[in-house]
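A.B. asks: Kindly generate the corresponding structure for this input.
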Amino acid sequence: MSDTEGVRLQKALANAGVASRRVAEQYIVEGRVRVNGAVVTELGSRIDPETDLVDVDGVAVEFDQSKRYVMLNKPTGVVSSMGDDRGRRDLREFTRDFEERLYNVGRLDAHTSGLLLLTNDGELAHVLAHPSFGVTKVYIAKVDGRVSAQTISTLTRGFELEDGFIRADKARLLDASATSSLVELTLHSGRNRIVRRMMASVGHPVLELVRRQFGPLHLGTLPAGRMRELTKIERGALLTLARRDQVSDPPGEQENQ
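C.D. replies: Below is the predicted model:
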């Protein structure tokens, strides 16, 4: 890029809300800014915000201010679609007040509550939703019966389901009574209803299921049925994950827990 084309890097960073222009200049001089993977330390450097990929301290920067990223704590009884031919509650209930046309990233079935990401960033949605990219999800499952240490071990060692071998990245027992247990499962699989099928396979059918984490996003204290915009830090973490894992046109399926 010539000396007159594009936008000065420090101005682009300031416009994106990363820092003031003066602080952005310090970041550049200190070697904390990369453009398309290469460290840039020249204050006169220019970029094209539409095509160049920039990160600060390894965290991706989003220059497109039209992109929206919203976290929803999806309640039970709502299907993960923008329309339902069976007349059930759907996500339009939560997106109708946005000017942008938002879409859900992945799915949670009607009986599962928890963290669902809504965005108008189609490229990022494709990367994060697709199981081939292995985005980690954390679930809390209330299951029937008292789960033993041996069962937790089985979940992490893995076993065969009708569609192939599966294992949890992590599993731990949070609480147990004589009749039910709380189990935390960490998975990167995107197979259909995988948590429910895994727990049923080890003899503990799911009674209630909530997704607490999706990649770098945590549900926190967001109440069921409420939504909020992602913070600048959360957006950067998502973009960093998407840029790291992006490949072209993988085959596969969508999750539906």
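A.B. asks: Next, Thr156: secondary structure please.
C.D. replies: helix (DSSP: H, G, I helix; E, B strand; the rest coil).
A.B. asks: For it, grab the count of nearby residues.
C.D. replies: 14 (other CB atoms under 10 Å). The way it works is simple: take the backbone N, C-alpha and C, and place the C-beta from them, glycine included.
A.B. asks: Offset the numbering so it begins at 29, please.
C.D. replies: Done: numbering now begins at 29, and the last item shifts to Thr184.
A.B. asks: wait, what's in contact with it?
C.D. replies: Arg195, Ala196, Asp197, Lys198, Ala199 (CB atoms under 8 Å, 6 or more residues apart in numbering).
A.B. asks: next one: Ser108
C.D. replies: So Ser108 contacts Lys102, Asp118, Leu119, Asn132, Gly134, Arg135, Leu136, Asp137, Leu144, Asn284 (CB under 8 Å, 6+ apart).
A.B. asks: Looks to me like Gln38 is in a helix.
C.D. replies: Yes: under three-state DSSP, Gln38 sits within a helix.
A.B. asks: What ranges does the stretch 179-285 of the chain have for its helices?
C.D. replies: Along the stretch 179-285 of the chain, counting by DSSP state H, counting those that start in this stretch, helices occupy 222-229, 260-273.
A.B. asks: Burial-wise, tell me which of those comes out on top.
C.D. replies: Highest mean neighbour count among these (mean count of other CB atoms under 10 Å): helix 222-229, with a mean of 20.
A.B. asks: Quick one: mean pLDDT for that one?
C.D. replies: Per-residue pLDDT over helix 222-229 has a mean of 96.
A.B. asks: Now do it: which elements does it pack against?
C.D. replies: If contacts are counted by 3 or more CB pairs under 8 Å, 6 or more residues apart in numbering; DSSP states H and E, helix 222-229 sits against strand 165-172, strand 187-189, strand 208-215, strand 234-242.
A.B. asks: who does the longest one pair up with?
C.D. replies: It stands for strand 234-242. According to DSSP bridges, strand 234-242 forms sheet pairs with strand 140-147 (parallel), strand 165-172 (antiparallel), strand 245-246 (antiparallel).
A.B. asks: Quick one: residues in contact with that strand.
C.D. replies: Here strand 234-242 makes contact (CB under 8 Å, 6+ apart) with 133-134, 136, 139-145, 156, 163-172, 208, 223-224, 227-228, 246-247, 285.
A.B. asks: between it and strand 208-215, how many degrees?
C.D. replies: For strand 234-242 against strand 208-215, the angle by axes from the mean of the first three to the mean of the last three CA atoms, to 10 degrees is 40 degrees.
A.B. asks: No further queries at this time; thank you.
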